[in-house]
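Q: Here is a sequence with its predicted model. Questions after.
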Amino acid sequence: MGQYFQFINVDKRQVHELGNLGACTGYGIIRNLMRPRPYPSLATAFRITFTGHDFAEAESCNGPSLGLLGTLPTELLIAIFEFTDIDGAAMLGSTHAHLFVVGYASIIARMESTKLLTNWAYDRIICLGDWTRTLPPGFPSDAEKHRLMHWGLAHKAILHKGMDAPLDALPTPCAPEAAPSAAAEREHEVAAYMDQSFHLYAYGCAMPSASDLRHSGSSAMILLCEHVRMVHTVLDRGRLDLLTYMLLRVNQRDLFDLDDNELRDAVLINTTKREFVRTRAKGEGGLGVRTIEMAIPVLTIWTNDGDDGDGDGDEERCKLEGEWAGDRLAIVSEQELGRLVQNEDGWTEKMVKWEDTRMG
């Protein structure tokens, strides 16, 4: 039976399932590690959604055309947008040019808040195998290990039978201890704990996947199709379709719809160690657009169990300890990397020797 891996974001408590070693690529989390795209400005969004309308006129309120809403002050109109959900705000904004101008900021703020829920840029990432018996030095913190330890103890019987334990059972963080003896006692307990992986893989199995969150009702960054029928006119429905398409173009970010230049200029950075990997062409020692896709698991993989249950004790075959496991990662542009290198000392390029990697 092969070993299984998953990318774990310990900061957002999210996972991306990978499967066995041969399936370990960074394809599924590239868009998570890229910084969110900016949404169109109000003027641009207005031009797309309200074709043929004058933006300057829309900024000034035409009370009679708004009916009863035209009697309300702008502050109350803004409050209506802020207190409704994303679907209601989008549909209300699609009904009138002035309402769109008033409510667009609220629509975008709601979209931004959900988009950040599944963005992994600058979070701690590890590609963890289910056979591992240790974790990288200093990862996670002793306080986090202590909480995972108590979670494992509370569900010892379930974990021993290979069953999934509930995610919400992890103890909440305690306030920093005033007495140094308390921290020392915790450090001693962590060091003496029998399972030095602190059940992180098992805990990760209960985490929601970033993909599921992107499509869930609470975190979805799309307008729900079943609500569109509540818009009564064909014109309003057309505007809502334009608005939806415009916002989805920002949110949907997969390899197949990335701009060529966006991938060609992509740089995988490690802010913990101040190292980076460029998307280099094959002639320069890279894998072209697949450079980052392969670099992510190669550098973040972590498994070190020498006994896979077959009795052969093949420790070397099962030991894979990536240099970036548990570090803070992001994917940025060459331009942004240039600013980092200029403003912060110590940045160096990580030259991955693909022929020396053992990923499949």
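A: Yep, it's here.
Q: all contacts plus neighbour counts: C-alpha atoms, from now on.
A: OK.
Q: Quick check: beta-bridge partners of residue 278?
A: Counting by DSSP bridges, residue 278 is bridged to residue 267.
Q: What is the neighbour count of it?
A: 26 (other C-alpha atoms under 10 Å).
Q: same question, residue 106
A: By other C-alpha under 10 Å, the residues close to residue 106 number 22.
Q: again, but for the one 3 residues further on
A: The local packing of residue 109 (other C-alpha under 10 Å) involves 14 other residues.
Q: what ranges do the helices span in the stretch 201-350 of the chain?
A: In the stretch 201-350 of the chain, the helices defined using DSSP state H, counting those that start in this stretch lie at 210-215, 234-251, 260-264, 291-300, 315-318, 334-343.
Q: for the ones you listed, which one sits closest to residue 48?
A: helix 234-251 (7.0 Å; C-alpha to C-alpha).
Q: Could you give the average pLDDT over that closest one?
A: For helix 234-251, the mean per-residue pLDDT is 72.
Q: Compare the helices of the stretch 201-350 of the chain and report which one is nearest to residue 195.
A: With C-alpha to C-alpha as the criterion, residue 195 lies closest to helix 315-318 of the helices of the stretch 201-350 of the chain, at 17.5 Å.
Q: Identify the residue spatially nearest to residue 8, adjacent ones excluded.
A: The shortest distance from residue 8 to any non-neighbouring residue, by C-alpha to C-alpha, 6 or more residues apart in numbering, is to residue 15 (4.6 Å).
Q: For the one you found, which three-state class applies?
A: What DSSP: H, G, I helix; E, B strand; the rest coil gives for residue 15 is strand.
Q: and it, how many residues sit next to it?
A: When neighbours are counted by other C-alpha under 10 Å, residue 15 registers 25.
Q: Likewise for residue 134?
A: Residues near residue 134, counting by other C-alpha under 10 Å: 17.
Q: quick one: the helices in the stretch 1-150 of the chain?
A: 30-33, 42-49, 55-59, 74-83, 86-93, 97-115, 142-154.
Q: between those helices, which gets the lowest average pLDDT?
A: When the helices of the stretch 1-150 of the chain are ranked by mean pLDDT, helix 86-93 comes last with a mean of 84.
Q: on that earlier part again, for the helices of the stretch 1-150 of the chain, which one sits closest to residue 326?
A: Residue 326 lies closest to helix 142-154 among the helices of the stretch 1-150 of the chain, at 12.9 Å (C-alpha to C-alpha).
Q: Pick the most deeply packed of the helices of the stretch 201-350 of the chain.
A: helix 291-300 (a mean of 23; mean count of other C-alpha atoms under 10 Å).
Q: Just name the shakiest helix or strand of the protein by mean pLDDT.
A: Among the helical and strand segments of the chain, the one scoring lowest on mean pLDDT, DSSP states H and E is helix 315-318, with a mean of 55.
Q: From one end of stretch 43-59 to the other, what's the distance?
A: With C-alpha to C-alpha, to the nearest Å as the measure, stretch 43-59 spans 10 Å from end to end.
Q: Can you point out the buried residues in that stretch?
A: Judged by neighbour count (16 or more other C-alpha atoms under 10 Å), stretch 43-59 contains these buried residues: 45, 46, 49, 50, 55, 58.
Q: And for it, what's in contact with it?
A: With C-alpha atoms under 8 Å, 6 or more residues apart in numbering as the contact definition, stretch 43-59 has outside contacts at 94, 97, 98, 100, 101, 102, 239, 240, 242, 243, 246.
Q: Looking at those, which two lie furthest apart in space?
A: Applying C-alpha to C-alpha across those, the maximum distance is between 98 and 246, 18.9 Å.
Q: The residue nearest to residue 8 contacts residue 207, correct?
A: Yes: applying C-alpha atoms under 8 Å, one finds residue 15 in contact with residue 207, separated by 6.2 Å.
Q: Tell me where the model's unsure across the stretch 201-350 of the chain.
A: For the stretch 201-350 of the chain, applying pLDDT under 70 flags the ranges 214-236, 248-262, 280-289, 305-317.
Q: Could you rerun that using 90?
A: Within the stretch 201-350 of the chain, the segments meeting pLDDT under 90 span 205-266, 278-294, 304-320, 333-335, 350.
Q: need the contact list for residue 93.
A: By C-alpha under 8 Å, 6+ apart, the contact list for residue 93 reads 99, 100, 101, 103, 104.
Q: hmm, back to that, what sits against the residue nearest to residue 8?
A: So residue 15 contacts 6, 7, 8, 9, 204, 205, 207, 208, 209, 210 (C-alpha under 8 Å, 6+ apart).
Q: And the nearest residue to residue 96 once chain neighbours are set aside, how close does it get to residue 85?
A: In space, and not counting its chain neighbours, residue 96 is closest to residue 66: 7.6 Å by C-alpha to C-alpha, 6+ apart. Going from residue 66 to residue 85 by C-alpha to C-alpha gives 21 Å.
Q: and what of residue 64?
A: To residue 85, residue 64 is 26 Å away according to C-alpha to C-alpha.
Q: So between the two, which is more surrounded?
A: Comparing residue 64 with residue 85 by neighbour count (other C-alpha under 10 Å), the higher total belongs to residue 85, at 13 against 10.
Q: List only those of the contacts of residue 15 flagged as buried.
A: Burial by neighbour count, judged by 16+ other C-alpha under 10 Å, picks out 6, 7, 8, 9, 204, 205, 207, 209, 210 from the contacts of residue 15.
Q: Show me those that map onto strands.
A: With DSSP state E as the criterion, strands contain 6, 7, 8, 9 from among these.
Q: Next one: the first one from residue 300, what distance?
A: Spelled out, that is residue 6. Residue 6 sits 11 Å away from residue 300, going by C-alpha to C-alpha.
Q: This completes my enquiry, with thanks.
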